[in-house]
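Q: Using only what follows, build the 3D model:
(chains A and B)
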Amino acid sequence: MNSAETALFGLPWWQAFVGGICTIAIFSFLYKENPFYRFFEHLYIGIATGIGVMATINTFLWPTVLKPMVGADRIPFPDGTYAEPYNEFYLLYLIPIAFGSLYYFILSRKHNWLAQLVIGFTLGYGGGLAFKATFNEMLPQLEDSFRPLYVAQQGAQSGIDWLATLSNLVFLFTLLTALSYFFFTFRRSEGGPAEKSALAGRWMMMGCFGAFFGATIMARMALLVERLEFLINKWFPLFFA
Amino acid sequence: MNSNYRQALIKAFTFIGGLYFFLEFILPKKINSIAGISIPGGFEFGLYHDEISRSIQIVGTMALGLGVINIIQVHGANILKSKKGWGNSLALLLGFFIVVIVQSIDLGNSEQRLDIQQEIRGFSSFVAIVHEQYVDSSTPAAPRIAALNARLDSLRSHTQSGDSYLNLSLPESHTELTNAVNEALDNARSQAQELENNYASLEPDTASFPAPQLEASVESSIQALKKLAELTQELSMLHYENTFGRKGSSFFFGAFFDPLGAAMFSLLAFYIANAAYRSFRVKSLEASVMMLAALIVMLGQIPFGPLYIYEDMPQLRVWLLKNVNAPAFRAIYFGAAIAGLAMAVRMWLSLEKSPLATEKTEEQ
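A: Here you go, the predicted structure:
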């Protein structure tokens, strides 16, 4: 191909070519597991790991930790001065760096307990953070769940807004029955209201799972359609253009 | 160290790890008194929240290398011992190292561009600061503005250099930008020269200040330098997009990472269809409810539903998601969140057996 780029959506032809091979390699798994698939699967893991590692360095470690520590984030002026003085407090980041480095003692048989210090610290941090995270997420949802069972018409019309009222009723019925399904504090009597409520909750949860399942199928289908569209409109024309 | 002390130390670190965030959650933002004793000015507990959060993030980030070491150990051993599938391990390691090298080069290029861009963006602040210090403390300004002029001259030479981010030898399609940068550079240089002359003429006798022409000259220099910064940003970005690191990174994203990732996840479309067949067979009332909900969600999301089945299918889908899916999921979430919180407290207080503890450490 003479041109450096195909006329197909401005995608470089070699990028489209390699992308097509990668896609077909992964789809070959639909026939059966094969070396072609395994090779590209491993390649993907390697590249994804490299991208993940570099993303952490590019977006966090270098710009927010190392760069301020060495003073490279300051704006230099033409007369040799800087827009702001060097902040030596950034050197305090050496403490978490040194503490975090204890992770590597996990590789030592004799001193691996040192790694447990930092692992314990991380677990404890997760525990402490859970209070804030749980309540910050749960309370707004709890508050939103208190819905009126009578919704009046808005504006000039008077009377009941049937759709909003019905929606709120269904919402509360689903929430309460689904909660009752997970209520194991006392034994449910056979055919009693608690058991009936739990059964209704199970049906409502089935509706929820069905909706989730439908949304998941659609998301996967969208990815599949995108890949097929790529192969048909961008990759195959490379050979017939 | 005695193993009991070790265990106590690990428990203490676990407790300390969660203490800050627990206190930050329960304490008021500002504490004015403790046990009736007033604190002058009050005590703000979360004053260094960002720094503490970042420090904890750093601790977690340090574990990144462990993953890399593990990958190298496992796949390096496969290659060295020529185990079955060693070629795959080689592909994995090659993919990893090439991406790391290319993205490191890209980081270097990006930093070079940022450095020069930051410096040019700082010129206008420099002029403002020089003038402020001249007015406030009669700090000589002319030599400092002369340094700015010298730097502008050296930037002019960069416009001819092939490897500079300010190189103006661009294809004809960018003539407009080239001319605009040239003009902005000339304008900034002449304004700064005028400013230098103004300061130089005033400096032997600073008592003649305020000089209205000086204020005007400062303002026009700042505006010219801001314009230069704006245009050079566009120019440096253009050069950066053509660097080896940037192109290499885009290549790995566009040719490998995106297609492989999308294909890998789209594979699930086939398996999920299989799973759907098995779970949606109408064998029970629950399965029927599940199938009906899934159908409504799927048909409401594609044009087929509203076009051929029911016009308000998308609205029905939204209603189902809002009034059945959301509360049912919320009920599950409430239960899980409370259980998760209980678990978190047990872990924080070291009441839970650590998943990382070996039999040996448990005995200790």
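Q: for the chain, what spans make up the helices?
A: Looking at chain A here, since you left the chain open. Along chain A, the segments classed as helices by DSSP state H run A:13-27, A:35-56, A:67-70, A:94-100, A:112-145, A:162-181, A:193-230, A:237-240.
Q: was after chain B, sorry
A: B:3-26, B:49-61, B:64-80, B:86-137, B:142-158, B:175-202, B:212-241, B:244-251, B:258-280, B:285-301, B:304, B:313-320, B:326-348, B:359-363.
Q: okay, those helices, which one's buried deepest?
A: A comparison of the helices of chain B by mean neighbour count, using mean count of other C-beta atoms under 10 Å in any protein chain shown, puts helix B:285-301 on top with a mean of 20. Using the backbone N, CA and C atoms, a C-beta is placed for each residue, glycine as well.
Q: Please see if the lowest-mean-pLDDT helix or strand in chain A touches chain B.
A: Within chain A, judged by mean pLDDT, DSSP states H and E, the helix or strand with the poorest mean is helix A:237-240; its value is a mean of 84. No: using C-beta under 8 Å from any C-beta of the partner chain, no contact is recorded between helix A:237-240 and chain B, whose separation bottoms out at 12.9 Å.
Q: rewinding a little: dump the helices of chain B into JSON lines; add mean pLDDT and distance to chain A as well.
A: Shown next, in JSON lines, are these (pLDDT from 0 to 100; distance: least, C-beta to the nearest C-beta, whole Å):
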{"stretch": "helix B:3-26", "mean pLDDT": "89", "distance to chain A": "3"}
{"stretch": "helix B:49-61", "mean pLDDT": "93", "distance to chain A": "4"}
{"stretch": "helix B:64-80", "mean pLDDT": "94", "distance to chain A": "6"}
{"stretch": "helix B:86-137", "mean pLDDT": "93", "distance to chain A": "3"}
{"stretch": "helix B:142-158", "mean pLDDT": "90", "distance to chain A": "4"}
{"stretch": "helix B:175-202", "mean pLDDT": "88", "distance to chain A": "10"}
{"stretch": "helix B:212-241", "mean pLDDT": "90", "distance to chain A": "11"}
{"stretch": "helix B:244-251", "mean pLDDT": "91", "distance to chain A": "6"}
{"stretch": "helix B:258-280", "mean pLDDT": "86", "distance to chain A": "4"}
{"stretch": "helix B:285-301", "mean pLDDT": "88", "distance to chain A": "3"}
{"stretch": "helix B:304", "mean pLDDT": "83", "distance to chain A": "12"}
{"stretch": "helix B:313-320", "mean pLDDT": "93", "distance to chain A": "6"}
{"stretch": "helix B:326-348", "mean pLDDT": "93", "distance to chain A": "3"}
{"stretch": "helix B:359-363", "mean pLDDT": "51", "distance to chain A": "7"}
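Q: Residue A:185: which of those helices is closest?
A: Taking C-beta to C-beta as the criterion, helix B:326-348 is the member of those that comes nearest to residue A:185, at 12.2 Å.
Q: That closest one - contacts with which helices or strands?
A: Applying 3 or more C-beta pairs under 8 Å, 6 or more residues apart in numbering or on different chains; DSSP states H and E, one finds that helix B:326-348 makes contact with helix A:112-145, helix A:162-181, helix A:193-230, helix B:3-26.
Q: Of those, which is nearest residue B:37?
A: Minimum separation from residue B:37 across the helices and strands packed on helix B:326-348 (C-beta to C-beta) falls at helix B:3-26, 18.6 Å.
Q: residues in contact with the residue nearest to residue A:80 when sequence neighbours are not counted?
A: Leaving out its chain neighbours, the residue that sits closest to residue A:80 by C-beta to C-beta, 6 or more residues apart in numbering or on different chains is residue B:147, at 7.6 Å. By C-beta atoms under 8 Å, 6 or more residues apart in numbering or on different chains, the residues touching residue B:147 are A:78-80.
Q: and those as JSON lines, adding pLDDT, neighbour count and distance to residue B:228?
A: Below are these laid out as JSON lines (pLDDT from 0 to 100; neighbours: other C-beta atoms under 10 Å in any protein chain shown; distance: C-beta to C-beta, whole Å):
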{"residue": "A:78", "pLDDT": "92", "neighbour count": "22", "distance to residue B:228": "13"}
{"residue": "A:79", "pLDDT": "89", "neighbour count": "15", "distance to residue B:228": "18"}
{"residue": "A:80", "pLDDT": "89", "neighbour count": "8", "distance to residue B:228": "21"}
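Q: got a list of what residue 112 touches?
A: No chain was given, so I picked chain A. The contact partners of residue A:112, by C-beta under 8 Å, 6+ apart, come to A:105-106.
Q: my bad, chain B
A: Under the criterion of C-beta under 8 Å, 6+ apart, the contact partners of residue B:112 comprise residue B:165.
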